[in-house]
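Engineer: fold the following, please.
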Amino acid sequence: MLPPAYPDRAAWGTATPLRAWQAAALDKYFAEQPRDFLAVATPGAGKTTFALTAAAELLSRRVIERVTVVAPTEHLKTQWAEAAARAGIPIDPTYSGKKGPTSKDYVGVAVTYAGVAANPLALRIRTERFKTLVILDEVHHAGDALSWGESVREAFEPAHRRLALTGTPFRSDVNPIPFVRYANGGDGIPRSEADYTYGYAHALADHVVRPVLFMAYSGEMQWRTRAGDEIAARLGEPLTKDLTQQALRTALDPGGAWMPSVLAAADKRLTEVRRHVPDAGGLVIASDQESARAYAGLMKTITGERPVVVLSDEKLASKRIAQFSEGDQRWMVAVRMVSEGVDVPRLAVGVWATTTATPLYFAQAVGRFVRARKRGETASVFLPSVPNLLGFASEMELQRDHVLGRRINDDGDIFAAEDQLLAQANAEEGASDDELGSFEAMGSEARFDRVLYDGGEFGHEGEVHVGSEEEMDFLGIPGLLEADQVRDLLRLRQSERRKQQDRQRATSSTPEDVQRDVERDVSTHEQLAVLRRELNGLVAAWNHRTGQPHGVTHSALRKECGGPAAAAATATQLQQRIDTIRTWAAQRRSS
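Structural biologist: Purely as a prediction, here's the structure:
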């Protein structure tokens, strides 16, 4: 006879105390006893503990006999096996369909999505032989390719129970994710439906995850195109898509001045955090192996300590991540390996040094820094001032469902599936100089731009020099603060700096002071440029939140506030539009 359908929470087989959301999700799961269950929980919330607690209980009731975990990477297979062992569930992370049966000492196996695609029949036979619970970790990967989705469906269709997990906003795609329920929205487009959702905003309020401060850096960039044209542009100013990408690549060039300046600033921030959290670590997320090695060299020059370098094709990559997680080294530089699911709880400072900029990858990467170990820890991520990255940073709390019938491009822009082939053909026919790889970075410099936190922006009037007192106002924020304390301190430091500047202007008496005031008054264009940049950043964030085109938002602001286009608006008119769109964002967050 099976135990009661609704278990005593104290009997659940885990040595780890359950968080409130985990207990609530388990309550729902065991009350409903579904065959398929999708849990969406923000990175760092504890999806693994939730799933293994459910698995242990199902095993103890004899509802299931075996467990199969499907994970995105080889490293995560081992991580799942280690976590399962702590929950009393022995899992073989080396299983392969070609090797045949595993030892009878194992209750389950761990495989990758690629491994499932390589031999779905072997896993189907294993699933049919036993009453099996299949845990699909980061299940959105089953929608990455049609073959992966078909293989997952073929292998695990006979499963007795299936538990799907994700901590990443779903993309829009044409491939349905197996065993995920879809329902038509008001626009007639099918969207995924989660059985339990626990978002970042909720987790932050529960002190389950850390608050994240995004430190944005801009600056002047110079590069040469294939045609030999030399271009100069400011990172953070409104640019075309191609110019933005080229400016970003220039900033990330290890031979320029931007990366050393930002790495040094990030290390200063890490030093401040380590005053309160002695083992706090930092991570530089690089685009490729050559850049990763170069960044490691720069960081050694800055800190005197060689960072841990993790490259995706190295056999010792997983071991190096584990050693860094358990040690107290300051920095790790990684290419692709540290994206999602990888558990390095002591990571507290990150540097975004990759040209990859999709909502999916951003959520995966930032998720490495938000795992809270004790109350009050904060995380800091250093970003280039690129519109889409600033938009993602402003939308940390936004939840996305998987949308069928549409694809998403590398900038996070959604377009109809039937337009995909045409867009691809156009891109191939009219490939830009940048896409052809003919690009030469000539020089760069970094400027501290702003801090993004909790949907708001904080900074000084205009950009400030790296290493200045104004920059240290924000780099020196204590590393152990509650979320509301972070917000209050940011506002206080910004207010104090403005008051100090006002006092300096009011007491100017020397000829030099008078001349500076005159120059400040004359350079009204600088003030307007700052306001336009802030407005454009907020409009970009609104685009990522609502999907509304930038031009439509600017028109709506003009209609509500009055005045000409932004290029001809006065400072007062620009500030009014900034205040208005901030009000819209606050109302949307509270609704």
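Engineer: any idea how far residue 220 lies from residue 258?
Structural biologist: Per C-beta to C-beta, to the nearest Å, residue 220 is found 9 Å from residue 258. In short, each C-beta sits where N, CA and C put it, glycine included.
Engineer: overlap in contacts of those two?
Structural biologist: Shared contacts of residue 220 and residue 258, defined by C-beta atoms under 8 Å, 6 or more residues apart in numbering, comprise 235, 444, 445.
Engineer: may I have the beta-bridge partners of the second one?
Structural biologist: Here residue 444 shows beta-bridge partners residue 221, assigned using DSSP bridges.
Engineer: was I right to think it contacts residue 254?
Structural biologist: No. Under the criterion of C-beta atoms under 8 Å, residue 444 lies out of contact with residue 254, with a separation of 10.6 Å.
Engineer: out of the shared contacts of residue 220 and residue 258, who's the most crowded?
Structural biologist: Neighbour counts for the shared contacts of residue 220 and residue 258 peak at residue 235, which has 25 neighbours (criterion: other C-beta atoms under 10 Å).
Engineer: OK, contacts around it?
Structural biologist: The neighbourhood of residue 235, defined by C-beta under 8 Å, 6+ apart, consists of 217-221, 247-248, 250-251, 258, 384-386.
Engineer: next one: it from residue 352, what distance?
Structural biologist: Applying C-beta to C-beta, one obtains 13 Å for the distance of residue 235 from residue 352.
Engineer: give me the common contacts of the two.
Structural biologist: By C-beta under 8 Å, 6+ apart, residue 235 and residue 352 have these common neighbours: residue 384.
Engineer: how long is stretch 558-573 end to end?
Structural biologist: 9 Å (C-alpha to C-alpha, to the nearest Å).
Engineer: and it, which residues are buried?
Structural biologist: Neighbour counts using 16 or more other C-beta atoms under 10 Å place 558, 561, 566, 569, 573 of stretch 558-573 among the buried residues.
Engineer: now do stretch 234-253
Structural biologist: Within stretch 234-253, the residues that qualify as buried are 234-239, 243-253, counting by 16+ other C-beta under 10 Å.
Engineer: now, which of those residues lie within strands?
Structural biologist: 234, 235 (DSSP state E).
Engineer: how close does the residue nearest the centre of the chain get to residue 200?
Structural biologist: Closest residue to the average C-alpha location of the chain: residue 363 at 2.5 Å, with C-alpha atoms, centre = their mean. The spacing between residue 363 and residue 200, counted by C-beta to C-beta, is 9 Å.
Engineer: low-confidence stretches in the stretch 351-500 of the chain?
Structural biologist: 396-438, 461-462 (pLDDT under 70).
Engineer: helices of that one, residue ranges please.
Structural biologist: Shown for the stretch 351-500 of the chain, the helices assigned by DSSP state H, counting those that start in this stretch span residues 359-366, 387-394, 420-429, 469-475, 483-506.
Engineer: from the contact counts, what lies against the second one?
Structural biologist: This points to helix 387-394. If contacts are counted by 3 or more C-beta pairs under 8 Å, 6 or more residues apart in numbering; DSSP states H and E, helix 387-394 sits against strand 212-225, helix 359-366, strand 379-384, strand 447-453, helix 524-546.
Engineer: for residue 311, state which of the buried residues of stretch 558-573 is nearest.
Structural biologist: Nearest to residue 311 among those is residue 566, at 44.4 Å by C-beta to C-beta.
Engineer: so the closest one makes contact with residue 555?
Structural biologist: No. Because the distance of 10.7 Å does not satisfy C-beta under 8 Å, residue 566 is recorded as not touching residue 555.
Engineer: if we can go back for a sec, including distance to residue 90, could the contacts of residue 235 go into TSV?
Structural biologist: As requested, the contacts of residue 235 are exported to TSV (distance: C-beta to C-beta, whole Å):
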residue	distance to residue 90
217	48
218	52
219	53
220	58
221	54
247	52
248	46
250	51
251	48
258	49
384	45
385	49
386	46
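Engineer: now, which of those residues sits nearest residue 265?
Structural biologist: Out of those, the one with the shortest distance to residue 265 is residue 217. That distance is 7.4 Å, counting by C-beta to C-beta.
Engineer: one step back: output the helices and strands packed on helix 387-394 in a markdown table, with distance to residue 151 appended to each entry.
Structural biologist: Supplementary listing: these in a markdown table, determined by distance: least, C-beta to C-beta, whole Å:
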| stretch | distance to residue 151 |
| --- | --- |
| strand 212-225 | 36 |
| helix 359-366 | 21 |
| strand 379-384 | 35 |
| strand 447-453 | 40 |
| helix 524-546 | 33 |
